[in-house]
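model the structure of this input:
(one chain, ligands or ions: 1)
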Amino acid sequence: MANGLLIINDDHVVLVDGCGSPLLADRVAAEIRALTSLPLRYLVITNWHGDHHLGAYRLRAHWPQLEIVSHRYTREAMDGAPMDYLPRLQAELPAQLAALRQLEAAGFSQDGRPLPTVLRSDFEDLVQFDTLILSELQASKVTLPDRMFTDRLTLSSARRDIEILYLGRGRTAGDALVWLPAEGLLAAGDLVAAPTPFAGGSYPRAWLETLTQMGALPVRMLVPGHGDVQADSVYQAQLQATLAMVARKAETAVTSGITVDKFKAAFDWEGHDFRFHGNDPKLALRWQQWFAGPVLEAAHDEARGVDKDPLLATTTVRQ
Ligand SMILES: [Zn+2]
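Numbering: from 1, shown residues only. Predicted coordinates for the structure are as follows:
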């Protein structure tokens, strides 16, 4: 589930993400009530992935006036085919969990080999919490944003201005950043996720450019989409260096007519991978699944000029 950021203004509260499941949304609502009697007025969703918003309807049940804000593309994706994964997962997960339960009990993984230690604890978690995972998934729902923006939207209040920015494609085609200039605080959404970045469906060259622009903001504290709050830009610089290398090599490969399979098979990470996972087996597995494979495919697509997520011209924009 994505991180959440709560901002308490003089007469209302703003939440960024932090409601990826119904239970999480209920807990965030309880947290808000424990902190203040002010109403939750705005929810900003930084990207269309369900772990950022699938419990939003529970927040609206607590605060019917809640206004949900996102980038225009994010709303389109939440209202369109990208979100089809939710009913598919709702239909398929019971059987998948049942299969995992059998594998976990037998101590074997899908390929028939003994379950690696690195996977065992993940399997055990899934089996232990399978009832909760299923009920949360079945209760998950898309609640479409009411208010969209394309480049910038300012939520002004007596206490502070909150800037919601779009600096270009990156992790998705519609990543929103939430910037509090007075505090130097930035919620970066999944443009920054740690310790393992997610890259499926991303735009590595554009992502690098977006991070470079983001780097011009005088950030004192960065809330990533996933992972711990960052007080320096070390991790962001590491991510930028890796994206730069990947994008450059993909562009060279495409110019030379190298297919994506050959590009992936011959790719030399030049030590960038180690900086993210330090040979920790679990982090190394996540790096492979969440970043290394997907980012090479995404970079090859991007270098070939594939537009995976064109904006639909029919959507009305309200700013
Ligand atoms: Zn996320």
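
going forward, measure contacts between C-alpha atoms and count neighbours the same way
OK.

quick one: strands adjacent to the helix or strand Val16 falls within?
Using DSSP states H and E, Val16 sits within strand 13-17. Strand pairing for strand 13-17, using DSSP bridges, gives strand 4-8 (antiparallel), strand 40-44 (parallel).

other residues contacting the last one?
Looking back up the chat, that one is strand 40-44. 12-17, 32, 63, 65-70 (C-alpha atoms under 8 Å, 6 or more residues apart in numbering).

buried set for the helix or strand Lys262 falls within?
If you go by DSSP H and E, Lys262 is part of helix 260-265. Using 16 or more other C-alpha atoms under 10 Å as the test for burial, helix 260-265 gives 260, 263-264.

next SSE after the helix or strand of the chain with the lowest mean pLDDT?
Scoring the helices and strands of the chain by mean pLDDT, DSSP states H and E places helix 117-128 at the bottom, with a mean of 83. Reading on from helix 117-128 to the C-terminus, the next helix or strand found by DSSP H and E is helix 130-138.

what's the average pLDDT for that next one?
Averaged across helix 130-138, the pLDDT comes to 94.

and for stretch 170-189?
Mean predicted confidence for stretch 170-189 is 97.

likewise stretch 268-279?
pLDDT averaged over stretch 268-279 gives 96.

need the residues that contact it.
Outside stretch 268-279, the residues that touch it by C-alpha under 8 Å, 6+ apart are 195-196, 238, 242, 283-284, 287.

give the buried residues for stretch 178-186.
Buried-residue list, stretch 178-186, by 16+ other C-alpha under 10 Å: 178-181, 185-186.

got TSV for these, with distance to Trp269 and secondary structure too?
As requested, those are exported to TSV (distance: C-alpha to C-alpha, whole Å; DSSP: H, G, I helix; E, B strand; the rest coil):
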residue	distance to Trp269	secondary structure
Val178	32	strand
Trp179	33	strand
Leu180	36	strand
Pro181	36	coil
Leu185	32	strand
Leu186	30	strand
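
state the distance from the residue most central in space within the chain to Ser21.
In the chain, the centroid-proximal residue (C-alpha atoms, centre = their mean) is Asp190; its distance is 3.9 Å. According to C-alpha to C-alpha, to the nearest Å, Asp190 stands 17 Å off from Ser21.

so how many other residues sit close to the nearest residue to the residue nearest to the centre of the chain once chain neighbours are set aside?
Nearest residue to Asp190 in three dimensions, chain neighbours excluded: Gly225, at 4.4 Å (C-alpha to C-alpha, 6 or more residues apart in numbering). Gly225 has 28 neighbours, counted by other C-alpha atoms under 10 Å.

OK, contacts around Gly225?
2-4, 187-193.

among those, name the ones in helices.
Among the contacts of Gly225, no member is found in helices (DSSP state H).

now the helix or strand hosting the residue nearest to Asp190, how far from the centre of its chain.
Applying DSSP H and E as the criterion places Gly225 in strand 221-226. The chain centroid and the centroid of strand 221-226 are separated by 11 Å under C-alpha atoms, centre = their mean, to the nearest Å.

only alpha carbons, please: show that strand as PDB.
Extracted C-alpha coordinates of strand 221-226, given in PDB (Å, rounded to 0.1, in the frame of the first residue of the first chain):
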ATOM      1  CA  MET A 221      11.900  16.400   3.400                       C
ATOM      2  CA  LEU A 222      10.600  14.000   0.700                       C
ATOM      3  CA  VAL A 223       7.700  11.500   1.300                       C
ATOM      4  CA  PRO A 224       8.100   8.800  -1.300                       C
ATOM      5  CA  GLY A 225       5.200   6.800  -2.700                       C
ATOM      6  CA  HIS A 226       6.500   3.800  -0.800                       C
END
